[in-house]
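Student: quick one, fold the following:
(one chain, ligands or ions: 2)
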Amino acid sequence: MNATDCTALLWQQSTPLILPSLLLCDFANLQREAEHLEAAGYRALHLDIMDGVFVPNLSYGLSVVKSLRRVTKLPLDVHLMIANPAEYVDAFREAGADIITFHAEATKDHVGVLERIQRNGAKAGIVLNPGTPVSDVAAVIELCDLVLVMSVQAGFGGQSFRPEVLGKFAELRAFASAKPNLILEIDGGINLATMKPACQAGAQWLVVGSGIFAHSDYAAAHRDLLAAAQ
Ligand code: DX5
Ligand code: ZN
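Tutor: Ligands and ions are numbered 1, 2, ... in the order given. This next block holds a predicted model:
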């Protein structure tokens, strides 16, 4: 099965689904990391792209996405924390992104960017920083394949979870009542303690960085996180 088929399947998988954020992985051994994560049962990888402009931090860019694409069939969920996402969507798709999300705060042209991602054959989503209300994206929710709710201010791994964002899930679900297959994702500060409230609030995909990479056993981290959701 290729990455496109695996991506389509993600929309049928039972949830919760944990997506490792590679921000803290061993970048000298990307292939080994991808293999370990796949063997540990994760079904997709979350890639945090930071440009030092939209967020005050730099991570990595197209070449890392391209390199990962060569060594894994896991769907690549690319979280763009960049100014001018429209300018880079085609390049990230070309590099191998299967899912592309961009910040509502980074552009006024939500419709244009969502449509551009989908025209390229990728799944598209919009991201809300903690201070951005659901009403800012209400008009485009039905164009989205997924919506990503940040539970920390985008820019850095290892921050503390902000429970006040959890109310957004019920709001999003209400706006998306005509779109039952909309996936709701959460990112930031997800760990054994925050899994359960996040899932109860309605998060289906949970991005986890330090909660996985602080452990040497990725499979045990996966099992423990899923158990904590119960
Ligand atoms: C933050 C990133 C997250 C982050 C998750 O801007 O989008 O994906 O790396 O890391 P933890 O789980 O450590 O908050
Ligand atoms: Zn992220």
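Student: where along this structure do the helices fall?
Tutor: Taking DSSP state H as the criterion, the chain carries its helices at 3-10, 30-39, 62-71, 85-95, 110-119, 167-175, 195-201, 210-213, 218-229.
Student: which one, of those helices, ends up nearest to ligand 1?
Tutor: helix 210-213 (3.5 Å; Cβ to the nearest ligand atom). (Each C-beta comes from the backbone N, C-alpha and C, glycine too.)
Student: that closest one close to ligand 2?
Tutor: No: Helix 210-213 stays clear of ligand 2 (Cβ under 5 Å from the ion), getting no nearer than 12.2 Å.
Student: let me see the mean pLDDT of that helix.
Tutor: Mean per-residue pLDDT for helix 210-213: 96.
Student: keeping just the C-alphas, turn it into CSV.
Tutor: Extracted as CSV, the C-alpha positions of helix 210-213 are listed here (Å, rounded to 0.1, in the frame of the first residue of the first chain):
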residue,chain,number,x,y,z
SER,A,210,8.3,14.9,24.4
GLY,A,211,5.8,12.3,25.7
ILE,A,212,7.2,9.8,23.2
PHE,A,213,10.8,10.9,22.6
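Student: remind me what it packs against, helices and strands.
Tutor: Packing partners of helix 210-213 (3 or more Cβ pairs under 8 Å, 6 or more residues apart in numbering; DSSP states H and E): strand 17-20, helix 218-229.
Student: ranking those by burial, who's on top?
Tutor: Sort the helices and strands packed on helix 210-213 by mean neighbour count, taking mean count of other Cβ atoms under 10 Å, and strand 17-20 sits at the top with a mean of 24.
Student: partners of that one in the sheet?
Tutor: strand 205-208 (parallel) (DSSP bridges).
Student: tell me the contacts of whatever residue of the chain ends up closest to ligand 1?
Tutor: Nearest residue of the chain to ligand 1 (Cβ to the nearest ligand atom) works out as Gly209 at 2.5 Å. Contacts for Gly209 (Cβ atoms under 8 Å, 6 or more residues apart in numbering) come out as 20-24, 48, 157-158.
Student: ok, of the residues you listed, which come out buried?
Tutor: 20-24, 48, 157 (16 or more other Cβ atoms under 10 Å).
Student: residues contacting whatever residue of the chain ends up closest to ligand 2?
Tutor: The chain approaches ligand 2 most closely through His79 (3.8 Å), counting by Cβ to the ion. Contacts for His79 (Cβ under 8 Å, 6+ apart) come out as 46-49, 101, 127, 148, 187, 207.
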